[in-house]
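A.B. asks: below are the sequence and a predicted model; questions follow.
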Amino acid sequence: MTSTKTELAVAALRNGTVIDHIPASALFRAVHILGIEDMPNRVTIGNNLPGKHMESKGIIKIEGVEFDRDVLNKIAVVAPTATINIIRDYAVAEKHPVELPETLIGTVRCPNPKCITNNEPMDTRFDVTERSTPILRCHYCNHCVSGTEAEII
Amino acid sequence: MKKQSLVAIDDLNRSEILALLERARYFEQHPNSHLLEGKVVATLFFEPSTRTRLSFETAVNRLGGRVIGFSDAATSSTSKGETLNDTIKMVSNYADLIVMRHHLEGAARYASEIGGVPIVNAGDGANQHPSQTMLDLYSIMKTQGKLEGLTITMVGDLKYGRTVHSLLQALRYFKPVMHFVASKELEMPREYIRLCEENGIEYYEHTDFSPEVIAASDIIYMTRVQRERFPDLAEYEKVKNLYTLRRSMLDVAKPNMRILHPLPRVNEIDRDVDGSTHAYYFEQARNGVYARQAIITNALGIDPLEK
């Protein structure tokens, strides 16, 4: 039988997490934030895939893991359009967009070397001043950083 | 009255600013009192600033309080590696109020969250210096008889000058017309232009310090153009004298116009301006003591009008 497949079949997850609609440019940062490099779990990563609502998107599927809110908040900083699908027993049990909280504590490093948070053992704190393309303002020194440039701790 | 820290001018709303100015006016009329009798105020200057420290310490002394502290981090345990958290906790055991200056930005905000005594920020790096803004506002109100609807011109380093940024933040409550005079390299940052737009403030940007701008102004707020801000010294040499105010330029000024400057000045106000009726920068510094007396008593929850 000759095959005319145009797409690569990827085994469906039994249990796990699918993070979809990641801007292509943010995919590898998202991979890093999730800590996938060090996981033994089965992982599928796709990038520059055609998306319905966006130019090109990335997707990450991870077998056997559900991430806690803290980690997903970090994804929201770099990929505010991402959606989270929780898969249980082959079915989508939960589906929701990532949610950027109003305040991020201990998530992002302040880019200002003269900020107290870079010189004192303490948590950083950022207020989200713009949500669509996230802009974060340091609660302490008032420096602003965009989500795409933010260094995630 | 509750005790409260003052970290940034943004912590104050319009009525709180007006209440502090009213209080400063009271202290100008009654500079010496015993309102702080039995109180100890710590002045922690992790970074030296003689002018600001003397102004705060004068304010405390004239209120009958006592002062402890240091004027340089080299003489404190910070030089041994103590964290700010530990220093603030320790000093909170001794003093009723901490006035602090620090080279790190956000240090005062952090100190105010540690949970000791109230903090008054006397400057944290390039970030905030609210007592300077209060004395600027007090000087404007005193010389103009009002804050509402004035035409205010800011000249010089509008990019890095924290005094002009904080003053603009406070003025947004008072419907000013703003003129920003600076070279391209030192123009007002876009976030402050946005602040004008969001608050419906009429503003004009100029690269030329023209007679028209001077003639329109009720207040001209001069700032120093600092050489260290320029990556290219040739650029600095080109602009450093463009924004110097000279006496001959004041012929067109309105009689009520006053010139403010946070000091120290270098050459942005020519010495020949000092004798002019428009010069106000030295009186402005004296107003700092009254403004700080107002801030200190407010932070300690002491109302001078109740006593």
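C.D. replies: Great, that's in hand.
A.B. asks: what count of nearby residues applies to whichever residue of chain A sits closest to chain B?
C.D. replies: Closest residue of chain A to chain B, C-beta to the nearest C-beta: residue A:140 (2.6 Å). To be clear about C-beta, it is placed using only N, CA and C from the backbone, and glycine gets the same treatment. Counted with other C-beta atoms under 10 Å in any protein chain shown, residues neighbouring residue A:140 total 28.
A.B. asks: out of everything not next to it in sequence, what's closest to it?
C.D. replies: Spatial nearest neighbour of residue A:140, excluding adjacent residues (C-beta to C-beta, 6 or more residues apart in numbering or on different chains): residue B:106 at 2.6 Å.
A.B. asks: how about residue A:111?
C.D. replies: Looking at residue A:111 with C-beta to C-beta, 6+ apart, the closest residue is residue A:145, at 5.1 Å.
A.B. asks: circling back: can you name the residues that contact the residue nearest to residue A:140?
C.D. replies: The contact partners of residue B:106, taken as C-beta atoms under 8 Å, 6 or more residues apart in numbering or on different chains, are A:115-117, A:138-142, B:124, B:127.
A.B. asks: same question, residue A:121
C.D. replies: B:83, B:85.
A.B. asks: give me the number of residues near the residue of the stretch 151-300 of chain B found nearest chain A?
C.D. replies: At 7.6 Å from chain A, residue B:191 is the closest residue in the stretch 151-300 of chain B, using C-beta to the nearest C-beta. Using other C-beta under 10 Å, residue B:191 has 12 other residues around it.
A.B. asks: same question for the one 5 residues further on.
C.D. replies: Around residue B:196 sit 18 other residues, with neighbours defined as other C-beta under 10 Å.
A.B. asks: show me what contacts the nearest residue to it once chain neighbours are set aside?
C.D. replies: Counting by C-beta to C-beta, 6+ apart, residue B:203 is the residue found nearest to residue B:196 once chain neighbours are left out, at 4.5 Å. Contact analysis of residue B:203 by C-beta under 8 Å, 6+ apart lists B:177-180, B:193, B:196.
A.B. asks: buried ones in the helix or strand where residue B:203 lies, by neighbour count?
C.D. replies: For residue B:203, the element it lies in under DSSP states H and E is strand B:202-206. For strand B:202-206, the neighbour count (16 or more other C-beta atoms under 10 Å in any protein chain shown) marks residue B:203 as buried.
A.B. asks: partner strands of that strand, with direction?
C.D. replies: Applying DSSP bridges to the sheet, strand B:202-206 is found paired with strand B:177-181 (parallel).
A.B. asks: what are the contacting residues of the strand it pairs with?
C.D. replies: B:149-156, B:158, B:168, B:171, B:187-188, B:196, B:201-209, B:213, B:216-217, B:243.
A.B. asks: after it, which helix or strand is next?
C.D. replies: Counting by DSSP H and E, what follows strand B:177-181 is helix B:190-198.
A.B. asks: what packs against that following helix?
C.D. replies: helix B:162-171, strand B:202-206 (3 or more C-beta pairs under 8 Å, 6 or more residues apart in numbering or on different chains; DSSP states H and E).
A.B. asks: between the ones you listed, which one is nearest to residue B:306?
C.D. replies: Of all the helices and strands packed on helix B:190-198, it is helix B:162-171 that lies closest to residue B:306, at 25.9 Å by C-beta to C-beta.
A.B. asks: mind telling me what element residue 57 is part of?
C.D. replies: All of this refers to chain A. In this assignment (DSSP H and E), residue A:57 forms part of strand A:56-63.
A.B. asks: oops, I was thinking of chain B
C.D. replies: Assigned by DSSP H and E, residue B:57 falls within helix B:50-62.
A.B. asks: which elements pack onto that helix?
C.D. replies: Against helix B:50-62 (3+ C-beta pairs under 8 Å, 6+ apart) you get strand B:40-45, strand B:66-70, strand B:97-102, strand B:119-124, helix B:130-144, helix B:281-299.
A.B. asks: list the buried residues for the longest helix seen in chain A?
C.D. replies: In chain A, with assignment by DSSP state H, the single longest helix is helix A:69-78. For helix A:69-78, the buried set under the neighbour-count rule, 16+ other C-beta under 10 Å, comprises A:71-78.
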